[in-house]
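A.B. asks: Sequence first, then the predicted structure:
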Amino acid sequence: MAERHFKYVILGGGVAAGYAAREFVKLGLKAGELAIISKEAVAPYERPALSKGYLFPQGAARLPGFHVCVGSGGERLLPEWYTEKGIELILGTEIVKADIASKSLITAANEIFKYDTLIIATGSTVIRLSDFGVEGANANNIFYLREIDDADKLVAAINAKKDGKAVIVGGGYIGLELGAALKINNLDVTMVYPEPWCMPRLFTAGIAAFYEGYYANKGIKIVKGTVAVGFDSDANGDVTAVRLKDGRVLEADIVVVGVGGRPLITLFKGQVEEEKGGIKTDGFFRTSIPDVYAVGDVATFPLKLYNEQRRVEHVDHARKSAEQVVKAIKSAEEGASIEEYDYLPYFYSRAFDLSWQFYGDNVGDTVLFGDNDPTSVKPKFGTYWIKDGKVVGVFLESGTPEENKLIANVAKLQPPVQDIEQLEKEGLAFASNI
Ligand code: FDA
Ligand code: NAD
């Protein structure tokens, strides 16, 4: 059995891995010290592209166009960059066993990778309908979207089923972004989700009403308050229909499912401390085990601003936690110290001509401002969340870069609010005056 040893190993080759590699190089890395082990066959890339530009009917994004770190305006790290820097990219390689006691990661072929320091960056996997025993959920043309291979299969189906019918199961991030992408590809799209409005993890009823109206105007049908309980397929095993709990049946040539993600931590079960479904870390992304760190989607870290342990499944945190962990590792080696991670949550999405950003925490009372009429030529609106008399979160659709900076600043500074009606009237002007 082959055995190799590295000073640093990053397990997972996604967003966090790429940003961590860049930070290692910035802070000083010797050739041969770092390996990135990834199940995917490609060098780290900006995963958000998969549900957006990758699915465009014309001028679609393709690798090497969106390798990290272009998503944050940084240098694009091509596979050659890793070679030049002496970083070993071990691609198409899945680790099936982790033994923290012997500092070993093991593949199905029994290859062993030993490390001095491990960074766990395995991200999330999709929740499957077959996990809840939905009948017929293994039919052909039922797609999930997490990795580039999934996106390639979806693109092939979109091309094969031109002008066909698509059903989107789930009204979260994937549901809304994929609903738009399939519509742009001229499919007849129906979305199905159980809640009274889309994206209930973040959206208020007022925010959701805008997007649901906008999607309806684009010709997308929305079925709420029910779930898929079964799929029919033809003699080839290709999906033909989605059966809903309320008895309705929707014809389908393609189904896309986005019913949530789950952090990939099974390899480490019983070996590291967990919290809130993730691997528990401190503000330097150290786990309960020395020399083992966790970043990105898998880490449950102290969100200093809210004095609470949280897990964040978004790209901005993947990038920043990766930079923080490398700074922490390198400074510890030098006997120096760095500041604890102090993160301001930032989420965004884009679909059709729309683009929103959210900063902070979506708790407390809400105030909707601006024009959220989906039929307006240039709709622009937002929402403030107010808790204990302070603004703690801000959402803005169609903000300019300057306006988005202003709302980020509000969420960070948490200014007090005396008069809610006044805040509603002021809208974005409130943010400009902070
Ligand atoms: P990430 O998932 O990027 O990488 C994990 C890597 O580990 C993968 O390459 C995986 O194959 C590998 N791996 C896992 N287990 C392994 C094993 N046992 N052995 C070897 N390799 C293993 N966020 C946002 O803020 N805005 C957005 O617009 C989007 N858009 C978006 C679109 C789509 C389609 C998805 C799936 C996700 C988003 N996100 C997003 C979320 C964002 O992409 C996500 O939070 C980050 O990619 C998380 O980065 P990580 O590095 O933690 O995991
Ligand atoms: P999500 O949690 O955003 O949404 C899941 C949706 O599915 C919810 O509306 C949920 O109620 C619904 N649902 C649950 N069970 C259902 C059922 N049986 N039938 C129909 N609907 C059901 O998760 P997602 O959209 O699948 O996204 C997966 C991951 O990818 C998340 O980590 C997300 O953060 C990430 N992502 C982020 C972005 C972004 O930030 N712009 C874009 C794409 C993906």
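C.D. replies: Received it, and whenever you're ready, just let me know what you need. Ligands and ions are numbered 1, 2, ... in the order given.
A.B. asks: going forward, measure contacts and count neighbours with C-alpha atoms only.
C.D. replies: Fine.
A.B. asks: List the buried residues for stretch 310-329?
C.D. replies: 310-313, 315-329 (16 or more other CA atoms under 10 Å).
A.B. asks: which ones among those are found in strands?
C.D. replies: Arg310, Arg311 (DSSP state E).
A.B. asks: I'd like the distance between the residue nearest the centre of the chain and Gly18.
C.D. replies: With distances taken as CA atoms, centre = their mean, His314 lies nearest the centre of the chain, 4.1 Å away. Using CA to CA, to the nearest Å, His314 is found at 15 Å from Gly18.
A.B. asks: And for Glu88?
C.D. replies: 12 Å.
A.B. asks: Looking at these two, which is more packed in?
C.D. replies: Gly18 (28 against 18; other CA atoms under 10 Å).
A.B. asks: Determine the three-state secondary structure at the more buried one.
C.D. replies: helix (DSSP: H, G, I helix; E, B strand; the rest coil).
A.B. asks: what's near enough to touch the nearest residue to Ile148 once chain neighbours are set aside?
C.D. replies: Computed as CA to CA, 6 or more residues apart in numbering, the closest residue to Ile148 that is not its neighbour in sequence is Leu50, at 6.9 Å. By CA atoms under 8 Å, 6 or more residues apart in numbering, the contact set of Leu50 is Leu145, Arg146, Glu147, Ile148, Ala151.
A.B. asks: and Leu50, which of the three is it?
C.D. replies: helix.
A.B. asks: quick one: it from ligand 1, how far?
C.D. replies: Distance of Leu50 to ligand 1, given as CA to the nearest ligand atom, to the nearest Å: 5 Å.
A.B. asks: Please tell me how far that residue sits from Glu147.
C.D. replies: For Leu50, the distance to Glu147 - CA to CA - is 8 Å.
A.B. asks: Run a quick check on His317 versus Thr300, I expect a contact.
C.D. replies: No - counting by CA atoms under 8 Å, His317 does not reach Thr300; the two are 11.5 Å apart.
A.B. asks: What strand or helix carries Arg243?
C.D. replies: In the assignment (DSSP states H and E), Arg243 maps to strand 239-244.
A.B. asks: List the buried residues for the next helix or strand after that strand?
C.D. replies: Next helix or strand after strand 239-244 toward the C-terminus (DSSP H and E): strand 249-251. By neighbour count on 16+ other CA under 10 Å, the buried set for strand 249-251 is Leu250, Glu251.
A.B. asks: close to ligand 1, is whichever strand or helix holds Thr125?
C.D. replies: Counting by DSSP H and E, the element that carries Thr125 is strand 124-126. Yes - counting by CA under 6 Å from any ligand atom, ligand 1 has neighbours in strand 124-126: Ser124.
A.B. asks: can you give me the helices in the stretch 101-250 of the chain?
C.D. replies: Assigned by DSSP state H, counting those that start in this stretch, the stretch 101-250 of the chain shows helices spanning 148-160, 173-184, 205-217.
A.B. asks: And the stretch 251-400 of the chain, by the same measure?
C.D. replies: In chain order, the stretch 251-400 of the chain shows helices spanning 315-333, with DSSP H, counting those that start in this stretch as the criterion.
A.B. asks: So the closest residue to Leu344 other than its chain neighbours versus ligand 2, what's the distance?
C.D. replies: Nearest residue to Leu344, sequence neighbours excluded (CA to CA, 6+ apart): Gly360, at 5.9 Å. For Gly360, the distance to ligand 2 (CA to the nearest ligand atom) stands at 14 Å.
A.B. asks: In this model Lys412 seems to touch Gly360, though I could be wrong.
C.D. replies: Yes - Gly360 is within contact range of Lys412, at 7.0 Å (criterion: CA under 8 Å).
A.B. asks: more neighbours, those two?
C.D. replies: Gly360 (27 against 20).
A.B. asks: Tell me the confidence at the residue nearest to Leu344?
C.D. replies: Predicted confidence (pLDDT) for Gly360: 98.
A.B. asks: ditto for Asn217
C.D. replies: Value for Asn217, per-residue pLDDT: 98.
A.B. asks: Around it, how many other residues sit close by?
C.D. replies: Using other CA under 10 Å, Asn217 is surrounded by 12 other residues.
A.B. asks: pLDDT averaged over stretch 229-239 - what is it?
C.D. replies: pLDDT averaged over stretch 229-239 gives 98.
A.B. asks: again with stretch 89-99
C.D. replies: Stretch 89-99 carries an average pLDDT of 98.
A.B. asks: interface residues of the stretch 201-350 of the chain facing ligand 1?
C.D. replies: Applying CA under 6 Å from any ligand atom, we find that the stretch 201-350 of the chain lies next to ligand 1 at Gly296, Asp297, Glu313, His314, Val315, Asp316, Ala318, Phe347, Tyr348, Ser349.
A.B. asks: ok, the residue lying closest to the third one once chain neighbours are set aside to Gly247 distance?
C.D. replies: So that's Glu313. Using CA to CA, 6+ apart and skipping the chain neighbours, the partner closest in space to Glu313 is Asp297 (4.7 Å). In this view, Asp297 and Gly247 are 36 Å apart by CA to CA.
A.B. asks: Between those two, tell me which one has more neighbours.
C.D. replies: The neighbour comparison of Asp297 against Gly247 (other CA under 10 Å) goes to Asp297, with 29 against 10.
A.B. asks: pLDDT at that one, what is it?
C.D. replies: 99.
A.B. asks: Wait, Leu354 touches Gly399, no?
C.D. replies: No - applying CA under 8 Å, one finds Leu354 not in contact with Gly399, separated by 9.9 Å.
A.B. asks: quick one, which of the two is more surrounded?
C.D. replies: Taking other CA under 10 Å, Leu354 and Gly399 do not tie; Gly399 has more neighbours (20 against 15).
A.B. asks: shaky segments in the protein?
C.D. replies: Low-confidence segments of the chain, defined by pLDDT under 70: 1.
A.B. asks: Tell me the residues of it that contact ligand 2?
C.D. replies: Within the chain, the positions adjacent to ligand 2 are 169-175, 192-194, 198-199, 227-228, 258-261, 313-314, 347-349 by CA under 6 Å from any ligand atom.
A.B. asks: What subset of the residues you listed is buried?
C.D. replies: 169-175, 192-194, 198-199, 227-228, 258-260, 313, 347-349.
A.B. asks: Leaving aside the residues adjacent along the chain, what's closest to the residue nearest to the centre of the chain?
C.D. replies: Phe347 (6.5 Å).
A.B. asks: Run through the residues that contact that neighbour.
C.D. replies: His314, Asp316, Gln357, Phe358, Tyr359.
A.B. asks: can you rerun that using 7 Å?
C.D. replies: Counting by CA atoms under 7 Å, 6 or more residues apart in numbering, Phe347 touches His314, Gln357, Phe358, Tyr359.
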